[in-house]
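Visitor: with the sequence up front, the predicted model follows.
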Amino acid sequence: MHTKRMAMTKWNEQRAARADRISAGQAYADGKMVPAGRLTEFFETVIRSGDRVCIEGDNQKQADLLAKALANVAPERIHDLHMVQSGVVLPEHLDLFDKGIARRLDFSYSGPQSARIARMLFGGQIELGAVHTYLELFARYFIDLTPNVALIAAVSADREGNLYTGPNTEDTPTVVEATSFKDGLVIAQVGEIVDRVPRVDIPGDLVHFVVDAKAPFYVEPLFTRDPAAVTETQILTAMLAIKGLYAPYGVKRLNHGIGFSTAAIELLLPTYGEALGLRGKICSHFALNPHPTLIPAIEAGWVEQIHCFGSEVGMEDYVAARSDVFFTGPDGSLRSNRAFCQTAGLYACDMFIGSTLQIDLAGHSSTVTTSRIAGFGGAPNMGSDPHGRRHPSAPWLQAGAEADSTSPAPLRRGRKLVVQIGETFGDKNVPLFVEQLDALALAQKLGLDLAPVMVYGDDVTHIVTEEGIANLLLCRTVDEREQAIRGVAGYTDIGRQRDRKMVERLRERRIIQRPEDLGINPLDADRSLLAARSIKDLMLASGGLYKPPSRFRNW
Amino acid sequence: MEQLSFTLKAPRPAGGSRWQAIAGVVASGNLEVLVERMEDQNTCRIDIATAAHGFGAVWEAVIADFVARGTGGLRVSINDGGARPDMVALRLAQGLRMIEETET
């Protein structure tokens, strides 16, 4: 068969190889339907050693049934797989390497597996390609990391293989586009088989096999922050950000990180923001997951439009009932898309603001510690100044002018506002500011060419802590920059080693601004200022549409 | 519990006219700050009872910044449940702001 095809042509071998796999898979399938009980044998038939395989492990949803079945194949039959997937989240994703089924890994994010992945990298069980941002990995799917096999997850399918992903579409269209149009094999797990899917998120002719898992795929609630845990220093820091950054730059289009500092900002918009008269002037357009803490601001009429990377557990009905704000399909539910939303966050937002674990004196920040490799996710794309941007906007031009006061305006790039926000001390009194990032030690230990830096210092425009705001755009020397950072580093060692005179001069030039410089009364930093003080308040603010997951319910 | 006590020269007396102010609560990771107008105009006395040992140098730095804001005449009693320095600085700022308010 192989020889015969060679004799005919050498130009369509991949397509023929896929046809071979599909016909071999027919031994287990009824049309496109593969019974869950025979998945492992089926995989041993359609997957080949050395294949590049994507197990859909997104930021949130997981093709958990397919991951388990792949981890059970016989390593004598299938080995040396090259895993190319955005999330390494389930234990099975790493079991593949322990068992000798997979050898090489290219990924973006490893949240819950961050400690184990670090041990396996140190131990040499995993050959690491690279740790990517989401957009980078998606980009490489189309250039040099195109999957031969994609194992994806959806809510339901019809018998032709048309897939409905529901609100958690996330990475699926990107993975399928790259795999299916380059003659790769697409296998989907679904929660149920239906006569007609509520909407077609993935057309059936791109999907080759479907497995009825008879249960929903696993989804992690990653973006739910309980307002009850927001501290008063976080409230003070959020007030500084709103009055000292959002207001003067007039930031309408933005992306928020997922920490408590930005949750506090979201909860202060309808109270503090309203009192400052900022509704309609800031925070109207977001690239953001449906954060429950944004409900009070949405209800108060702050937000015009939100495009989402993924969904959030419990927010489905709320989002469906607010279609003027969110992107929804003909079935009424959210349509998320990570690749498009990352692109939107990169090119169409004027600000990224998020928290981090460590910031050094050059402003580089990182969330790695020496024992964990959590990967990047999307933050480095959101938290970077895209040099390819060409459309002007007021905040972008203003930031550009602050950074470069001498070039003629028509030849001056604007700047994206890239803001790091946090309290000077984190959990267990760990300082936010450090002489040297743990990422450097990690890079050395693993022999990496690049230290895993989340946001580079030259992209950071502002650092906000409870002590004040440092505007790095206005710093003209390396020394000024270092002292501006020390000047908001509070009582950490870095902060206490500041040059007090220089910091005072920076304050006179408004490179550093304290709460009192902005007319912020520390007595207002009170939990009563939060628009919602508990998960229950969020549910009530949504008119009962938000259905918090049980772990967040205490009533 | 560790007891720390500082008596410092203040650059200027505290403003306002209230005799007493209290900010915060005693709880894990939190602290209560009682501010009373009962010292000489150029002196500030600070007594600290803290659940966390070995943070003398950080307390000194926090207190020095606080007194530099003009706290002459004030006695500050701190009951600390192991709060982080950022929370301590916020409570002190709140206590000072409260006692500087005009009595209503």
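Guide: Everything's here; your move. If you're wondering where the values come from, they're calculated on a predicted model, not measured in any experiment. Residues are numbered from 1 along each chain as shown, chains lettered A, B, ... in the order given.
Visitor: any idea which helix is longest in the chain?
Guide: Just so you know, I chose chain A. helix A:13-25 (DSSP state H).
Visitor: that's the other chain; I wanted chain B
Guide: helix B:85-100.
Visitor: tell me the helices and strands packed up against that helix.
Guide: In terms of contacts (3 or more Cβ pairs under 8 Å, 6 or more residues apart in numbering or on different chains; DSSP states H and E), helix B:85-100 is packed against helix A:232-241, strand B:20-24, strand B:31-37, helix B:56-68, strand B:74-80. In this view, the C-beta of every residue, glycine as well, is placed from N, C-alpha and C.
Visitor: pLDDT of it, averaged?
Guide: Helix B:85-100 carries an average pLDDT of 95.
Visitor: roughly how far is it from the heart of the chain?
Guide: 7 Å (Cα atoms, centre = their mean, to the nearest Å).
Visitor: stretch A:96-108 now?
Guide: 22 Å.
Visitor: so where is chain B shaky, pLDDT-wise?
Guide: Where chain B drops to pLDDT under 70, the residues are B:103-104.
Visitor: quick check: residues of chain A near chain B?
Guide: Within chain A, the positions near chain B by Cβ under 8 Å from any Cβ of the partner chain are A:231-233, A:236, A:423-425, A:429, A:465-467, A:490-491, A:496, A:515, A:521-523, A:525.
Visitor: now the longest helix of chain B against helix B:56-68, angle please.
Guide: Orientation check (axes from the mean of the first three to the mean of the last three Cα atoms, to 10 degrees): helix B:85-100 against helix B:56-68 gives 30 degrees.
Visitor: now, of the helices and strands packed on helix B:85-100, which is deepest in the fold?
Guide: helix A:232-241 (a mean of 27; mean count of other Cβ atoms under 10 Å in any protein chain shown).
Visitor: who does it touch, helix- and strand-wise?
Guide: Counting contacts by 3+ Cβ pairs under 8 Å, 6+ apart, helix A:232-241 packs against helix A:260-268, strand A:417-421, strand A:462-465, strand A:468-471, helix B:85-100.
Visitor: distance to B:Cys44 and mean neighbour count for these - can I get that in a markdown table?
Guide: Listed next are these as a markdown table, based on distance: least, Cβ to Cβ, whole Å; neighbours: other Cβ atoms under 10 Å in any protein chain shown:
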| stretch | distance to B:Cys44 | mean neighbour count |
| --- | --- | --- |
| helix A:260-268 | 32 | 27 |
| strand A:417-421 | 32 | 26 |
| strand A:462-465 | 25 | 26 |
| strand A:468-471 | 23 | 26 |
| helix B:85-100 | 10 | 24 |
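Visitor: and those: which comes nearest A:Ala36?
Guide: Closest to A:Ala36 of these is helix A:260-268 (Cβ to Cβ; 38.9 Å).
Visitor: who touches the closest one?
Guide: Applying Cβ atoms under 8 Å, 6 or more residues apart in numbering or on different chains, the external contacts of helix A:260-268 come out as A:225, A:227, A:229-231, A:234-235, A:237-239, A:241-242, A:246, A:256, A:291, A:293-294, A:296-297, A:353-355, A:421-423, A:529-532.
Visitor: coming back round to it: for the helices and strands packed on helix A:232-241, which one sits closest to B:Ile22?
Guide: Using Cβ to Cβ, the helices and strands packed on helix A:232-241 put helix B:85-100 closest to B:Ile22, at 7.3 Å.
Visitor: tell me the secondary structure at the residue in the stretch 1-150 of chain A positioned nearest to chain B.
Guide: In the stretch 1-150 of chain A, the residue that lies nearest chain B is A:Ser114 (24.7 Å; Cβ to the nearest Cβ). Recorded secondary structure, A:Ser114: helix (DSSP: H, G, I helix; E, B strand; the rest coil).
Visitor: and it, what does it touch?
Guide: Residues in contact with A:Ser114 (Cβ under 8 Å, 6+ apart) are A:372-375.
Visitor: out of the residues you listed, the closest to chain B would be?
Guide: Distance to chain B, by Cβ to the nearest Cβ, is smallest for A:Arg372 among the contacts of A:Ser114, at 22.4 Å.
Visitor: wait, what's in contact with the residue nearest to A:Pro431 when sequence neighbours are not counted?
Guide: Closest residue in space to A:Pro431, ignoring its immediate chain neighbours: A:Thr492 at 3.8 Å, by Cβ to Cβ, 6 or more residues apart in numbering or on different chains. Each residue near A:Thr492 by Cβ under 8 Å, 6+ apart is listed here: A:424-425, A:431-433.
Visitor: now the longest helix of chain A: buried residues?
Guide: A:16-18, A:21, A:25 (16 or more other Cβ atoms under 10 Å in any protein chain shown).
Visitor: quick check, nearest of those to A:Glu402?
Guide: For the buried residues of helix A:13-25, the nearest to A:Glu402 is A:Arg18 (54.0 Å; Cβ to Cβ).
Visitor: surely the closest one is in contact with A:Asp183?
Guide: Yes - assessed by Cβ atoms under 8 Å, A:Arg18 is found in contact with A:Asp183 at 4.7 Å.
Visitor: in contact with the nearest residue to A:Glu304 once chain neighbours are set aside, which residues?
Guide: In this structure, A:Glu304 finds its nearest non-sequential neighbour in A:Ser284, 4.5 Å apart by Cβ to Cβ, 6+ apart. The contact partners of A:Ser284, taken as Cβ under 8 Å, 6+ apart, are A:252-253, A:302-305.
Visitor: pLDDT for the buried residues of helix A:13-25 - can I get that in a markdown table?
Guide: Formatted as a markdown table, the buried residues of helix A:13-25 follow (pLDDT from 0 to 100):
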| residue | pLDDT |
| --- | --- |
| A:Ala16 | 95 |
| A:Ala17 | 96 |
| A:Arg18 | 98 |
| A:Arg21 | 98 |
| A:Gly25 | 97 |
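Visitor: where's A:Ile535 relative to A:Phe42, distance?
Guide: Counting by Cβ to Cβ, to the nearest Å, the gap from A:Ile535 to A:Phe42 is 42 Å.
Visitor: one more: A:Asp537?
Guide: 49 Å.
Visitor: same check on B:Trp59?
Guide: With Cβ to Cβ as the criterion, B:Trp59 and A:Phe42 are 66 Å apart.
Visitor: which regions of chain A sit below the pLDDT cut-off?
Guide: A:1-9.
Visitor: can I see the domain layout of it?
Guide: A:2-219, A:222-232+A:249-349+A:522-546, A:350-513 (automatic domain parsing).
Visitor: which of those domains sits closest to B:Gly72?
Guide: domain A:222-232+A:249-349+A:522-546 (19.6 Å).
Visitor: got the end-to-end distance for the closest one?
Guide: 15 Å (Cα to Cα, to the nearest Å).
Visitor: how about the residues of chain B near chain A?
Guide: B:58, B:61-62, B:84-87, B:89-90, B:93-94, B:97-98.
Visitor: related to what we said a few turns ago, could the helices and strands packed on helix A:232-241 be laid out in JSON lines, adding distance to A:Ala541?
Guide: Converted to JSON lines, the helices and strands packed on helix A:232-241 look like this (distance: least, Cβ to Cβ, whole Å):
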{"stretch": "helix A:260-268", "distance to A:Ala541": "10"}
{"stretch": "strand A:417-421", "distance to A:Ala541": "24"}
{"stretch": "strand A:462-465", "distance to A:Ala541": "26"}
{"stretch": "strand A:468-471", "distance to A:Ala541": "29"}
{"stretch": "helix B:85-100", "distance to A:Ala541": "27"}
